[in-house]
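# predicted model follows, preceded by the sequence.
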Amino acid sequence: MIKIGIAGASGYTGLELIRLLVQHPDVELAVLTSETFQGQNIAEVFPSLNGVVDLKLQPLDDSIVKECEVLFLALPHTTAMAKLPVYLQSGCKVIDLSADYRLKDPKAYPDWYSVTHTHPELLKQAVYGLPELHRESIQSARFIANPGCYPTSVILALAPLLKTEWVDLNSIISDSKSGVSGAGRKPSLTTHFTEANEGVSPYGLAEHRHTPEMEQEISNLAGKPVRVTFSPHLIPMTRGMLSTVYINLNQTLTDEKLVEHYREFYKGESFIRVLNPGKFASSHHVLSSNFCDIGLKVDSRNQRLIITSAIDNLIKGASGQAIQNMNIMLGLDEKTGLMAPGIFP
């Protein structure tokens with residue numbers, strides 16, 4: 001059995017990692033950390049784990065890597081940045097769910113995260129963990145930068161188009177909506193029930209931190225710089241994400257041709273479901289699953305393509321994708337422990 005560590009186990013993504021990994025036939029939870037709840041049993045923090053996991057939460061220190069072969073970092077942004085060299089020197093494989101190593105340009109961190117990167121030399125070593133696009137690099141990686149939830153939904157929506165001549169890459173707009181769990185477990189005014197319930201609120205317009213991540217990956221696929229207008233919204237549901245992406249067409253295309261093209265591009269991808277013409281992605285149908293549903297519609301009147309992309313922000317947008325990456329890194333079937341369908345209704 002492969003021994004697993006989770007740093008930041010008392011957050012939402014930490015809990016989802018635990019919930020999925022306890023059902024994984026090839027791994028064993030060995031160490032869980034939490035600064036807030038250290039010393040307590042994980043089942044005291046999450047009663048849903050009563051009788052399932054019996055581990056005490058430890059403080060985050062360098063010694064935890066001695067207890068595990070794979071370490072998931074489910075920590076706030078910048079928390080693990082300085083610790084990565086120690087973890088990597090130990091020989092432990094690391095999957096970082098924060099944004100600390102997603103961006104390849106160290107100059108982007110002061111602009112988007114208001115921090116100077118402490119180990120820019122490691123940015124090139126980090127493999128961006130979107131399996132549908134980087135599987136070969138993930139197979140040989142020791143260190144994965146797990147993608148953000150919004151970028152996962154938007155990049156997967158656009159990837160099949162980026163090497164075609166069909167679209168105007170200067171026209172990309174994404175209107176994305178996320179459940180409140182995307183803000184993490186730490187309470188804030190905007191995620192307070194009274195503030196979030198019965199309303200939909202835009203935030204981070206034209207300056208959201210996930211923007212450079214999207215543009216980095218989309219530009220790499222397109223082979224030239226591409227910019228995205230990204231409008232995120234907080235929607236009053238616990239979990240789930242829907243991105244509606246708009247891009248202008250350079251030629252006349254049908255829904256059927258585009259569906260066929262997307263299915264060919266994602267052929268063999270277990271977690272991408274390209275919907276039939278006339279069907280559109282819904283967050284309901286991917287709830288608590290590792291699937292990404294993609295639906296397409298040509299707006300022929302305006303010569304524009306509308307792409308709908310739905311994921312569970314905590315699973316394909318975080319913990320499930322991290323486990324998919326782990327499976328690939330370890331040479332396991334990447335579907336292991338992840339094939340449960342959505343739980344709606």
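Now that the structure is in, tell me what you want to look at.

# okay, CA-based contacts and neighbour counts for the rest of this
Will do.

# quick check: which element contains Ala43?
Per DSSP states H and E, Ala43 falls inside helix 42-45.

# for that helix, which outside residues touch it?
Ser10, Phe37, Leu49, Asn50, Gly51, Val53, Asp54, Leu55, Lys56, Leu57 (CA atoms under 8 Å, 6 or more residues apart in numbering).

# if you average pLDDT over whichever helix or strand comes after that helix, what comes out?
The element immediately downstream of helix 42-45 (helix or strand, assigned by DSSP H and E) is strand 57-58. For strand 57-58, the mean pLDDT works out to 96.

# ok, strand 57-58: who's next to it in the sheet?
Using DSSP bridges, the strands paired with strand 57-58 are strand 27-33 (parallel).

# gap between stretch 298-313 and the chain center?
20 Å (CA atoms, centre = their mean, to the nearest Å).

# apologies, that question was intended for stretch 166-184.
For stretch 166-184, the distance to the chain centre is 13 Å (CA atoms, centre = their mean).

# and Val22, what is it in contact with?
Glu28, Leu29, Val52, Val53.

# strands along the protein, start to end?
With DSSP state E as the criterion, the chain has strands at 2-7, 27-33, 57-58, 70-73, 93-96, 127-128, 143-145, 173-178, 201-202, 229-234, 241-248, 272-274, 292-299, 304-311.

# quick check: buried residues in the helix holding Ala43?
Ile42, Ala43, Val45 (16 or more other CA atoms under 10 Å).

# CSV for these, including pLDDT and distance to Val94?
Shown next, in CSV, are those (pLDDT from 0 to 100; distance: CA to CA, whole Å):
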residue, pLDDT, distance to Val94
Ile42, 96, 22
Ala43, 96, 25
Val45, 94, 25
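
# what residues sit buried inside stretch 162-179?
So stretch 162-179, judged by 16+ other CA under 10 Å, has buried residues Leu162, Val167, Asp168, Leu169, Ile172, Ile173, Ser174, Asp175, Ser176, Lys177, Ser178, Gly179.

# and stretch 268-277, by the same measure?
Neighbour counts over stretch 268-277 (16+ other CA under 10 Å) mark Phe271, Ile272, Arg273, Val274, Leu275, Pro277 as buried.

# which residue ranges of the protein form helices?
Using DSSP state H, the helices of the chain run over 12-21, 42-45, 84-89, 108-113, 131-139, 149-158, 193-196, 211-222, 255-265, 320-329.

# nearest to Leu249, out of these?
helix 255-265 (11.5 Å; CA to CA).

# now find how far off-centre that closest one is within its chain.
Centroid separation for helix 255-265 versus its chain: 24 Å, with CA atoms, centre = their mean.

# contacts for stretch 29-40 next, please.
Taking CA under 8 Å, 6+ apart as the rule, stretch 29-40 contacts 3-10, 18, 21-22, 45, 55-60, 64, 67-68.

# ok, 10 Å please
By CA atoms under 10 Å, 6 or more residues apart in numbering, the list of residues contacting stretch 29-40 from outside reads 1-11, 14, 18, 21-22, 41-42, 44-45, 53-61, 64-75.

# which one (most neighbours) among the contacts of Val22?
Across the contacts of Val22, the neighbour count under other CA atoms under 10 Å reaches its highest value at Leu29, namely 20 neighbours.

# bridged to that one, which residues?
Ile4.

# re earlier: what's the most distant pair in the buried residues of stretch 268-277?
Phe271 and Pro277 (18.8 Å).

# output the below-cut-off pLDDT ranges for the stretch 1-150 of the chain.
By pLDDT under 70, the stretch 1-150 of the chain has no low-scoring segment.

# distance check, the closest residue to Glu256 other than its chain neighbours against Ala183.
Spatially, and ignoring its direct neighbours in sequence, Glu256 is nearest to Pro277 (6.1 Å; CA to CA, 6 or more residues apart in numbering). Distance of Pro277 to Ala183, computed by CA to CA, to the nearest Å: 33 Å.

# Lys83 now?
23 Å.

# what about stretch 200-209, start to end distance?
20 Å.

# tell me who's in contact with Val259.
Contacts of Val259 (CA under 10 Å, 6+ apart): Phe265, Val274, Leu275, Asn276, Pro277, Ile294, Gly295, Leu296, Lys297.

# please repeat the previous calculation with a cut-off of 6 Å.
For Val259, no residue meets the contact criterion (CA atoms under 6 Å, 6 or more residues apart in numbering).

# need the pLDDT of it.
Value for Val259, per-residue pLDDT: 98.

# what about it, distance to Phe265?
Val259 sits 10 Å away from Phe265, going by CA to CA.

# now His134
Look at His134 and Phe265: by CA to CA, they are 14 Å apart.

# what's the answer for Arg209, then?
28 Å.

# likewise Asp312?
On the measure of CA to CA, Asp312 and Phe265 end up 22 Å apart.

# give me the more crowded residue out of these two.
More crowded of Asp312 and Phe265, by other CA under 10 Å: Asp312, with 30 against 14.

# the more buried one reaches Gly240, doesn't it?
Yes - here Asp312 reaches Gly240: they are 4.3 Å apart, a contact under CA atoms under 6 Å.

# which non-adjacent residue is nearest Leu55?
Nearest residue to Leu55 in three dimensions, chain neighbours excluded: Asn41, at 5.6 Å (CA to CA, 6+ apart).
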